[in-house]
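Novice: Here is my input; please provide its structure:
(2 chains)
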Amino acid sequence: MKVRLLQLGAVAGVLALWGLVAAVGVVSPTALPGPAAVAGALGDLLGSGTYWQAVGDTLDGAVIGLLAAVAVGIPVGLVTGVYAAAEESSRLLVEILRSFPVIALLPVFLLVLGSTPGMKATVVFVACVFPVLLQSQYGARSVTPSVHETVRTYRIPRLLRFRRVILPGAVPSVMTGLRLAATTSVLVAIGVEVLTTLPGIGHMIMESQQAGASDRAYAYILTAGTIGYSITLLAQYAEHRLLRWRPPVRAGEAA
Amino acid sequence: MTGRILRQLWLPVLVFVILLVSTAGSTSFYFPPLTTVLHTLWDQLAGGGLLDDLWFSLRNIVLGLALATVVGVAAGLVIGEVRTLRLALGPLLDFARATPTVGFVPVIILTLGIGSGPKVFLIFLGSLWPILLNTVAGVGQINPAVHETSRGYRVPWHLQLRRVVLPGALPQVFAGVRVALSVAVVLMVVSEIYGSPIGLGNFILQSGSSFHVAETWAGTLLIGVLGYGLSVLLLLCEHALLGWYHQRAPRASRPSPALTIEKKSNGVVV
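Specialist: Residues are numbered from 1 along each chain as shown, chains lettered A, B, ... in the order given. Predicted coordinates for the structure are as follows:
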């Protein structure tokens, strides 16, 4: 209870500080509008159709790309995690591809695929597949040898082994990957929208700012933050629910 | 040793060769031969001004990331040490990290200009949160006994922060900087594509929109190399600074390696 009060106090403090900085006029109001103006703009937007359209467009691209990344990343990650040879062979390649800044592919994608919602989903997919893949791999590797030996002794078929033994064993780590990928997906979707003419939150930020309505731009940025924060909370909740059967362990790498 | 390297190397080499062969006679407009791309890259680096772009981008990233590291670690150490602050600011910090910094790109660049300063600021803004939050988490993972011991010996607080808390949190700090690095590269590219007279992002945008496809691929490739190079550099730094930590990690389950470790970890058992 006291913690909640403290947190509310901190939020109020930050808002007050923001208001003060904006009111004193150290920064121009186009760079940082006051909290009241942003709240007003957000209130107006919440009642408008364009706002929800933009949110929907962004989420569309992010979710499609993310789902594709999950569909590819988890199986590939589990398989390469189980077979040491596959893991070793692919390590360097994955390492190089992973550190590639996906957004830099945008001009190339724009050339090849054009400015389409499918292009946005593709960029999201490329950005999200590696965190999912690597965390699945990490999770599959964390299954202890004794479990593998037991499975072999009982001659459990391969498919069943992946579905019933390795996947559940890897879930904590996979969830970490999913959480990372989900936040990345929104980030990348908005990034693509800022740089192209594709509709969505990123595009609206740009349009608002260009029209001089920076309070509206900030309202959209806050919306993006709320989406990202909700994803984090949701993922934490899902992780908690999915892993109730397991004693708390430190899984995956904290990032 | 060579066997291991071979096992890791064959697939990347194979992919490279396949790309090289499959695009060799390519007449496709969008996928020029890899040799042409590499040739273009070399030409542009040697005399085409790409080096200036690279320098501009690299400087922004390093400046922004360094600023974020200094501020993030300092703030993270304080927030991690003071329980009240940590509890009060928790949700706010999570919210700040979840907010996509790319959203700020139009706002900042349209109001503050297309120069280097706003870009450094954007990179700083995006890199700050992962570093700060990881530092807070790193401080939280330090064994309470360490705190009590240093309090028991009345170690002054500034010495305690520098010699006890910072080394203890360092592994997590590095994990944060690694995440921040990838964010920084993304922000570098986005801010330069959005509005910049120079820089790698501007290079690929300009060549792409004027359909100089080989140059676009070359620039994209260079950004990839830059990203990978920086992450390798960071890893080297980490090994130099955290050798004591990584040496211990794989041996954690073995009996009593403690004697050699205590010396290396600045006298702090973590």
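
Novice: Spell out which parts of the stretch 151-255 of chain A neighbour chain B.
Specialist: A:183, A:186-187, A:190-191, A:194-195, A:201-202, A:205-206, A:209-210, A:214, A:217-218, A:220-222, A:224-225, A:228-229, A:231-232, A:253-255 (C-beta under 8 Å from any C-beta of the partner chain). Using the backbone N, CA and C atoms, a C-beta is placed for each residue, glycine as well.

Novice: Keep only those of these that are in helices.
Specialist: With helices taken from DSSP state H, the overlap with these comprises A:183, A:186-187, A:190-191, A:194-195, A:201-202, A:205-206, A:209-210, A:214, A:217-218, A:220-222, A:224-225, A:228-229, A:231-232.

Novice: so where's chain B uncertain?
Specialist: For chain B, applying pLDDT under 70 flags the ranges B:1-2, B:25-27, B:29, B:244-270.

Novice: can you give me the helices in it?
Specialist: Here chain B has its helices, by DSSP H, at B:2-22, B:34-47, B:50-81, B:83-98, B:104-112, B:116-140, B:144-152, B:157-160, B:166-194, B:200-209, B:213-248, B:258-264.

Novice: tell me which residues of stretch B:64-84 are tucked away?
Specialist: Of all the residues in stretch B:64-84, those buried under the rule 16 or more other C-beta atoms under 10 Å in any protein chain shown are B:64-65, B:67-69, B:72-73, B:75-81.

Novice: May I have it exported as CSV, CA atoms only?
Specialist: C-alpha atoms of stretch B:64-84 as CSV (Å, rounded to 0.1, in the frame of the first residue of the first chain):
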residue,chain,number,x,y,z
GLY,B,64,25.6,8.9,-27.3
LEU,B,65,26.4,5.6,-25.9
ALA,B,66,29.2,6.9,-23.7
LEU,B,67,26.9,9.6,-22.3
ALA,B,68,24.2,7.1,-21.6
THR,B,69,26.6,4.7,-19.9
VAL,B,70,27.9,7.4,-17.6
VAL,B,71,24.5,8.8,-16.7
GLY,B,72,22.8,5.4,-16.6
VAL,B,73,25.3,3.7,-14.4
ALA,B,74,25.5,6.6,-12.0
ALA,B,75,21.8,6.9,-11.7
GLY,B,76,21.4,3.1,-11.6
LEU,B,77,23.8,2.7,-8.7
VAL,B,78,22.0,5.3,-6.7
ILE,B,79,18.5,4.0,-7.5
GLY,B,80,19.7,0.5,-6.8
GLU,B,81,21.2,1.4,-3.5
VAL,B,82,18.3,3.4,-2.2
ARG,B,83,15.3,1.2,-1.6
THR,B,84,12.7,3.9,-1.5
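
Novice: which residues are contacting that stretch?
Specialist: Identification of contacts with stretch B:64-84 by C-beta atoms under 8 Å, 6 or more residues apart in numbering or on different chains yields A:6, B:85-86, B:89, B:93, B:119-124, B:126-140, B:161, B:165-166, B:169, B:173, B:176-177, B:180-181, B:184, B:187.

Novice: how about a cut-off of 7 Å?
Specialist: Residues outside stretch B:64-84 that contact it (C-beta atoms under 7 Å, 6 or more residues apart in numbering or on different chains): A:6, B:85-86, B:89, B:120, B:123-124, B:127-128, B:131-132, B:135-136, B:139-140, B:161, B:165-166, B:169, B:173, B:177, B:180-181, B:184.

Novice: and if you look at stretch A:216-235?
Specialist: Contacts of stretch A:216-235 (C-beta under 7 Å, 6+ apart): A:33, A:38, A:41-42, A:45, A:55, A:175, A:178-179, A:182-183, A:186, A:190, A:201, A:204-205, A:208-209, B:94-95, B:98-100, B:103-104, B:106-107.

Novice: Let's see that stretch as PDB, backbone CA atoms only.
Specialist: C-alpha atoms of stretch A:216-235 as PDB (Å, rounded to 0.1, in the frame of the first residue of the first chain):
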ATOM      1  CA  ARG A 216      -0.700  15.400 -30.500                       C
ATOM      2  CA  ALA A 217       2.700  13.900 -31.400                       C
ATOM      3  CA  TYR A 218       3.500  13.400 -27.700                       C
ATOM      4  CA  ALA A 219       0.000  11.900 -27.200                       C
ATOM      5  CA  TYR A 220       0.900   9.300 -29.800                       C
ATOM      6  CA  ILE A 221       4.300   8.700 -28.300                       C
ATOM      7  CA  LEU A 222       2.600   8.100 -24.900                       C
ATOM      8  CA  THR A 223       0.300   5.700 -26.700                       C
ATOM      9  CA  ALA A 224       3.300   3.800 -28.000                       C
ATOM     10  CA  GLY A 225       4.800   3.700 -24.600                       C
ATOM     11  CA  THR A 226       1.500   2.400 -23.100                       C
ATOM     12  CA  ILE A 227       1.400  -0.400 -25.700                       C
ATOM     13  CA  GLY A 228       5.000  -1.400 -24.900                       C
ATOM     14  CA  TYR A 229       4.400  -1.300 -21.200                       C
ATOM     15  CA  SER A 230       1.200  -3.300 -21.500                       C
ATOM     16  CA  ILE A 231       3.100  -6.000 -23.500                       C
ATOM     17  CA  THR A 232       5.700  -6.100 -20.800                       C
ATOM     18  CA  LEU A 233       3.100  -6.500 -18.000                       C
ATOM     19  CA  LEU A 234       1.200  -9.100 -20.100                       C
ATOM     20  CA  ALA A 235       4.300 -11.100 -20.700                       C
END
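
Novice: buried ones in that stretch?
Specialist: Counting neighbours by 16+ other C-beta under 10 Å, the buried set in stretch A:216-235 is A:216-225, A:227-229, A:231-232, A:235.

Novice: Please identify which of those is nearest to residue B:39.
Specialist: In terms of C-beta to C-beta, no member of these lies closer to residue B:39 than residue A:224, at 41.2 Å.

Novice: In contact with the closest residue to residue B:207 other than its chain neighbours, which residues?
Specialist: Of all residues not flanking residue B:207 in the chain, residue B:215 sits nearest, at 3.7 Å (C-beta to C-beta, 6 or more residues apart in numbering or on different chains). Counting by C-beta under 7 Å, 6+ apart, residue B:215 touches B:40, B:44, B:207.

Novice: and the closest residue to residue A:34 other than its chain neighbours, how many residues sit next to it?
Specialist: Sequence neighbours aside, residue A:22 is the residue nearest to residue A:34 in space, at 3.8 Å (criterion: C-beta to C-beta, 6+ apart). Look at residue A:22: counted by other C-beta atoms under 10 Å in any protein chain shown, it has 20 neighbours.

Novice: Pretty sure residue A:22 sits against residue A:30.
Specialist: No - judged on C-beta atoms under 7 Å, residue A:22 makes no contact with residue A:30 at a distance of 11.1 Å.
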